[in-house]
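Engineer: sequence-free structure coming up:
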């Protein structure tokens, strides 16, 4: 305003000092300038005298353009990023580092060797373990061979022999109770006579060498021949006696005993053959491999291996280093998945479920938002100073190279979503009496209250379920300032007419906006600094 007066006054001086100036024009300008200055001074005095007490010149009326959207209710918590797995690997024994096979940042697989110790630097117990390992390996090979090849053939032959012996014993036993015919009796008697003759010859042959030393080959051969013929003769006599019904109780009992023994031998041989044919059981294999595994475990003390697939986060050893048992060698992480462990209060935990969507913002990169998902909800609460909370695990769905274990993050778990409705900032809603209103900026009439029906609210927005409010309407976020000013003096429209009054700031989604849309910051009518009053034609 004062810049306008200054320019008007300066323009008047320029006119008076012009070489081609009109004297009549100069006489008209001077009273006009004085009249303008007097009028503006009266206006300024009126405005300042009517400004409500306590309203600073810098206060702004903020506006928001109404839009529709979905209201999300979230539960926020903080936690630190962690990898799916992380472990520090230490040296299991002492020695001198022979080779380092990986470097930091390298991806490794489960069981991959990371570093080794020199053989000549190992303790004596590990050197002896190498011999134990070879023995255990040989024993395990013998164990597996016992279920195939020659062992299986021998078991099959044992079954065949046992079956023949059982059938003979069974026949001999049954023949003691059979009803013979004449032909079988004659045949049995003939066998007795024939074998009796063989027995006599074997006896005479033995008698030739009976006085010879016990280790005489001829005597040994004669004894074996006599024994074989005697067994055959006894069998023939028993058979003949059975046929003619002369078997004694002792003979029957002996035959039965031989049959039962032969039957059991056959069963055992059959079971052993089936066992070998089926192969070793899991228990037998575990027992046979236990010794080898123990020896292998001892030998592996000279090697550091990856317990799972992942990435080398830290590699400390170098070739030639002397290390002791328990020294840290590597740190490995499984960076294929990242999680955040957060605590949720007992008042909110019933709203959290596995599968709910979430977002994660890292303190180090607050401009980025990562999609996440709830993967675990704790069932047992933890008491901390009388406050009960439950552990909730959230997984990042698409982590990138900027995510690192240990980073501090803020997690927002979406526990519910509404249907799409109009949403307004909470501070724009006013309770007047028993009704809710918002103040809408309307051209020609300024701010006007509109009744609304509200729904659910979040920490920032409130649903509008009914009323005349429409998308695109400009509503005041702090209408109390305007209401107070209207009650105390000239309205906001009157003040802005003359470039005075509080500034008006329009804010909306994505930043401040002007009343016509687009981006705006502070909207204020500025005086036209180039305005120069022009006298009417014919004025003196």
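Structural biologist: Sure, I can see it. The shown structure was predicted, so the numbers you read here are calculated from the model rather than taken from an experiment.

Engineer: low-confidence regions, the stretch 151-300 of the chain specifically.
Structural biologist: Residues of the stretch 151-300 of the chain that meet the criterion pLDDT under 70 lie in 176-182, 243-248.

Engineer: all helices of the stretch 201-350 of the chain, in order?
Structural biologist: 217-243, 249-278, 282-299 (DSSP state H, counting those that start in this stretch).

Engineer: same check on the chain?
Structural biologist: Counting by DSSP state H, one finds helices in the chain at the ranges 2-17, 23-50, 124-145, 150-175, 182-209, 217-243, 249-278, 282-299, 479-488, 492-497.

Engineer: with mean neighbour count added, can I get the ones you listed in JSON lines?
Structural biologist: Bear in mind the C-beta positions are built from the backbone N, C-alpha and C, glycine included. As requested, these are exported to JSON lines (neighbours: other C-beta atoms under 10 Å):
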{"stretch": "helix 2-17", "mean neighbour count": "13"}
{"stretch": "helix 23-50", "mean neighbour count": "13"}
{"stretch": "helix 124-145", "mean neighbour count": "14"}
{"stretch": "helix 150-175", "mean neighbour count": "15"}
{"stretch": "helix 182-209", "mean neighbour count": "14"}
{"stretch": "helix 217-243", "mean neighbour count": "17"}
{"stretch": "helix 249-278", "mean neighbour count": "15"}
{"stretch": "helix 282-299", "mean neighbour count": "14"}
{"stretch": "helix 479-488", "mean neighbour count": "16"}
{"stretch": "helix 492-497", "mean neighbour count": "16"}
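
Engineer: out of those, nearest to residue 60?
Structural biologist: Ranking these by their distance to residue 60 (criterion: C-beta to C-beta) puts helix 479-488 first, at 8.6 Å.

Engineer: avg pLDDT for the closest one?
Structural biologist: In this model, helix 479-488 has a mean pLDDT of 64.

Engineer: before we move on, back to that, residue 339: which of the helices of the chain is closest?
Structural biologist: With C-beta to C-beta as the criterion, residue 339 lies closest to helix 282-299 of the helices of the chain, at 31.8 Å.

Engineer: quick one: the closest one to helix 124-145, angle?
Structural biologist: Using axes from the mean of the first three to the mean of the last three C-alpha atoms, to 10 degrees, one finds that helix 282-299 and helix 124-145 are set 160 degrees apart in direction.

Engineer: just to revisit the earlier point, CSV please, covering the helices of the stretch 201-350 of the chain and showing distance to residue 168.
Structural biologist: Shown next, in CSV, are those (distance: least, C-beta to C-beta, whole Å):
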stretch, distance to residue 168
helix 217-243, 10
helix 249-278, 8
helix 282-299, 35
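
Engineer: contacting residues around residue 454?
Structural biologist: For residue 454, the contacting residues are 429, 436, 462-465, taking C-beta atoms under 8 Å, 6 or more residues apart in numbering as the criterion.

Engineer: check contacts around residue 343.
Structural biologist: Contacts were defined as C-beta under 8 Å, 6+ apart; by that measure residue 343 touches 77, 79, 382, 389-392.

Engineer: tell me how far it lies from residue 377.
Structural biologist: Summarising the geometry, the distance separating residue 343 from residue 377, computed by C-beta to C-beta, to the nearest Å, is 12 Å.

Engineer: so for these two, which residues contact both of them?
Structural biologist: By C-beta under 8 Å, 6+ apart, the residues touching both residue 343 and residue 377 are 390, 392.

Engineer: could you chop this protein up by domain?
Structural biologist: Taking automatic domain parsing as the domain assignment, the ranges for the chain are 2-47, 56-69+420-523, 72-82+336-417, 92-146+284-325, 150-278.

Engineer: so residue 140 sits right up against residue 289, yeah?
Structural biologist: Yes. Residue 140 sits in contact with residue 289 when judged by C-beta atoms under 8 Å, with a separation of 6.2 Å.

Engineer: so what's residue 423 closest to, chain neighbours aside?
Structural biologist: residue 461 (4.4 Å; C-beta to C-beta, 6 or more residues apart in numbering).

Engineer: hmm, back to that, nearest to residue 355, of the helices of the chain?
Structural biologist: helix 282-299 (38.2 Å).

Engineer: ends of stretch 97-108, how far apart?
Structural biologist: Looking at stretch 97-108, the gap from its leading to its trailing residue is 20 Å under the measure C-alpha to C-alpha, to the nearest Å.

Engineer: how far off centre is it?
Structural biologist: Between the mean C-alpha point of stretch 97-108 and the mean C-alpha point of its chain there is a distance of 26 Å (C-alpha atoms, centre = their mean, to the nearest Å).

Engineer: and the contacts of residue 454, which two are the farthest apart?
Structural biologist: Top of the distance list for those (C-beta to C-beta): 429 and 465, 12.3 Å.

Engineer: pick out whichever of those two has more residues nearby.
Structural biologist: residue 429 (18 against 13; other C-beta atoms under 10 Å).

Engineer: got the residue ranges for the strands in the stretch 301-450 of the chain?
Structural biologist: When secondary structure is read from DSSP state E, counting those that start in this stretch, the stretch 301-450 of the chain shows strands at 303-305, 310-315, 322-323, 328-345, 357-362, 365-377, 382-384, 387-396, 408-417, 421-425, 430-432, 435-442, 446-457.

Engineer: out of those strands, which is closest to residue 99?
Structural biologist: Taking C-beta to C-beta as the criterion, residue 99 comes closest to strand 303-305 out of these, the separation being 10.1 Å.

Engineer: which strands or helices does the closest one pack on?
Structural biologist: strand 113-117 (3 or more C-beta pairs under 8 Å, 6 or more residues apart in numbering; DSSP states H and E).

Engineer: shaky segments in the stretch 351-500 of the chain?
Structural biologist: Short version for the stretch 351-500 of the chain, where the test is pLDDT under 70: 482-500.

Engineer: let's see 90
Structural biologist: 400-401, 416-419, 442-447, 456-460, 478-500 (pLDDT under 90).

Engineer: identify the bridge partners of the closest residue to residue 357 other than its chain neighbours.
Structural biologist: Counting by C-beta to C-beta, 6+ apart, residue 414 is the residue found nearest to residue 357 once chain neighbours are left out, at 4.9 Å. The residues paired with residue 414 through beta bridges, assigned by DSSP bridges, are residue 74.

Engineer: how about residue 414, what does it touch?
Structural biologist: With C-beta under 8 Å, 6+ apart as the criterion, the residues that contact residue 414 are 72-74, 356-359.

Engineer: one step back: for the residue nearest to residue 423, grab the count of nearby residues.
Structural biologist: The criterion is other C-beta under 10 Å. On that basis, residue 461 has 20 neighbouring residues.

Engineer: that one contacts residue 425, correct?
Structural biologist: Yes. Because the distance of 6.2 Å satisfies C-beta under 8 Å, residue 461 is recorded as touching residue 425.

Engineer: bridged to residue 345, which residues?
Structural biologist: Beta bridges link residue 345 to residue 389, judged by DSSP bridges.

Engineer: touching, it and residue 384? I think so.
Structural biologist: No. At 10.7 Å, residue 345 and residue 384 do not qualify as touching, with contact defined as C-beta under 8 Å.

Engineer: who has more neighbours, the two?
Structural biologist: In this view residue 345 and residue 384 are compared by other C-beta under 10 Å, and residue 345 has more residues nearby, 13 against 9.

Engineer: so what's that one up against?
Structural biologist: For residue 345, the set of contacting residues under the criterion of C-beta under 8 Å, 6+ apart consists of 387-389.

Engineer: ok, back up a step: what residues are up against the residue nearest to residue 423?
Structural biologist: Going by C-beta under 8 Å, 6+ apart, residue 461 touches 69, 71, 423-426.

Engineer: scan those residues and report the most crowded one.
Structural biologist: Within the contacts of residue 461, most neighbours by other C-beta under 10 Å means residue 423, with 23 neighbours.
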